[in-house]
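Participant: fold the following for me, if possible:
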Amino acid sequence: MTLHDLNCLTIEELEKHAATLMDKQTRDYYNEGADSGSTLRENITAFTKYRIRPRVLRDVSRINTSISLFGTTSSLPLGVAPTAMQRLAHTDGELATARACAKYGLPMGLSSFATSTLEDVAEAVTSATKQEGGSGERIPQVLQLYLFEEREHSRKLIQRAKKAGYKAVFLTVDTPMLGRRNLEIRNQFKLPAHFEIPNFKAQGDENGGDAEAEQEAGAEVNNRRREQIKGKERRKSEAGFTRKDGGRSPPKGPITFHSHAANPTLSWERDITWLKKECGSDMQVWIKGVATAEDAQLAIEYGVDGIVVSNHGGRQLNGALATLDALPEVVAAVQKRIPVHVDGGVRHGTDIFKALALGADFVWIGRPVLWGLAYGGQQGVELALRLFSDEFRLAMGLAGVTKVEDINKSYLVKIDKSGFVARL
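Facilitator: This next block holds a predicted model:
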């Protein structure tokens, strides 16, 4: 029997609790969309345009919610999407999320700009899996990657992820420029001095420089770096720019999200080929941020292993399609040649069901996990995952489905603006 948290029975209630527990800067950073936030809102409301057609008199006494993913079994067609700087929500940050994922047997995506190292997160998953009585075999983990203009930074990260056992790289492709987030601008958002982005600590992180260079420069530089970490001084980072002569000056200084994540030079021809070579046979290469049939077709032509239909949680191009609205044309273009996943706006187990019925192979959630972290650390994330799990299993049973692979568009109708229902 499921133990309910009587103070928090839905993801909507979880969001409200988290709002009171986060400081304003963190709440605004996590929850804001680009510009007016219309795409963020439509990611959520897109699900309301569909209704489920339940079938009855089917034996649903044995429901199997699991699927195969990256050669292992996921207990649900659901994973935790990569979101940056999780220690802003709770002191355990990504480690708490990893342990919760291990408990529920769900895959986790790790942001390049995590506030925990990719090695520590991998170890947290392994340890938590053993504690749950398993064999120690890790649930699959993927590394979200911003491919920097200076590729050496990204190359080192890929090599570390390989060594740590990550199954795939999810290349974020919808950030050639950073979307305009007005609250972030107004708040002058910066990572607090007592946090760091440790995945780049040896390469030049938000709290300062290149470790090898420091060793060569001697104790005086090291002392100055310690002062920087205390927040008394920080080296400046500069975003890249296109010069008047048409050349390109790459970002400079310590690696930060605002200076290095955006890369307007990304291209199919050069970067996908390079990334596939770097990952080799150890990690799959996926692209995260596809929203059109044309780009889905190109993804197949360039040999990527999978697609995540995403608009960066509504944080990039405001006025873009909601991901659920973009999903059908991507699915039609791919024709099951590679997997198609989707994220954005998922707030209930029935949303997972609807996305799968529209052709998605898997669904990722982002903000609800952050709200869970703020609410109660690992236990809060477990609560969020439990809510989705219970709701999805109930949706399957009441719709008359016992296996995930049997969910298809025959279980949905769409409601137009006039309120008329149409079969898909």
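Participant: rest of the way, CA atoms for contacts and neighbours
Facilitator: Will do.
Participant: would you map the strands across the stretch 251-400 of the chain?
Facilitator: Ranges of strands in the stretch 251-400 of the chain, per DSSP state E, counting those that start in this stretch, are 284-290, 306-309, 340-343, 362-365.
Participant: repeat for the stretch 101-250 of the chain
Facilitator: 108-110, 141-145, 168-172, 241-242, 248-249.
Participant: what's the third one packed up against?
Facilitator: This points to strand 168-172. strand 141-145, strand 284-290 (3 or more C-alpha pairs under 8 Å, 6 or more residues apart in numbering; DSSP states H and E).
Participant: out of the strands of the stretch 101-250 of the chain, which gets nearest to Gly400?
Facilitator: Among the strands of the stretch 101-250 of the chain, the nearest to Gly400 by C-alpha to C-alpha is strand 108-110 (29.1 Å).
Participant: show me what that closest one is packed against.
Facilitator: If contacts are counted by 3+ C-alpha pairs under 8 Å, 6+ apart, strand 108-110 sits against strand 78-80, helix 93-104, strand 141-145.
Participant: hang on, the earlier thing: make TSV out of the helices and strands packed on strand 168-172 and add distance to Arg55 and mean neighbour count.
Facilitator: Putting the helices and strands packed on strand 168-172 into TSV (distance: least, C-alpha to C-alpha, whole Å; neighbours: other C-alpha atoms under 10 Å) gives the following:
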stretch	distance to Arg55	mean neighbour count
strand 141-145	35	25
strand 284-290	33	24
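Participant: adding mean pLDDT and distance to Arg393, write these out as TSV.
Facilitator: Shown next, in TSV, are those (pLDDT from 0 to 100; distance: least, C-alpha to C-alpha, whole Å):
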stretch	mean pLDDT	distance to Arg393
strand 141-145	97	23
strand 284-290	98	27
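Participant: could I get those in JSON lines, plus columns for distance to Ser418?
Facilitator: Shown next, in JSON lines, are the helices and strands packed on strand 168-172 (distance: least, C-alpha to C-alpha, whole Å):
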{"stretch": "strand 141-145", "distance to Ser418": "40"}
{"stretch": "strand 284-290", "distance to Ser418": "30"}
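Participant: about what we covered before: please work out which of the strands of the stretch 101-250 of the chain is packed deepest.
Facilitator: When the strands of the stretch 101-250 of the chain are scored by mean count of other C-alpha atoms under 10 Å, the highest mean neighbour count falls to strand 108-110 (a mean of 28).
Participant: returning to that earlier point: so which of the strands of the stretch 101-250 of the chain gets nearest Ala332?
Facilitator: strand 168-172 (21.5 Å).
Participant: direction included, what does the closest one pair against?
Facilitator: strand 141-145 (parallel), strand 284-290 (parallel) (DSSP bridges).
Participant: select, out of those, the one closest to Cys8.
Facilitator: It's strand 141-145; of those, that one is closest to Cys8 (C-alpha to C-alpha) at 28.2 Å.
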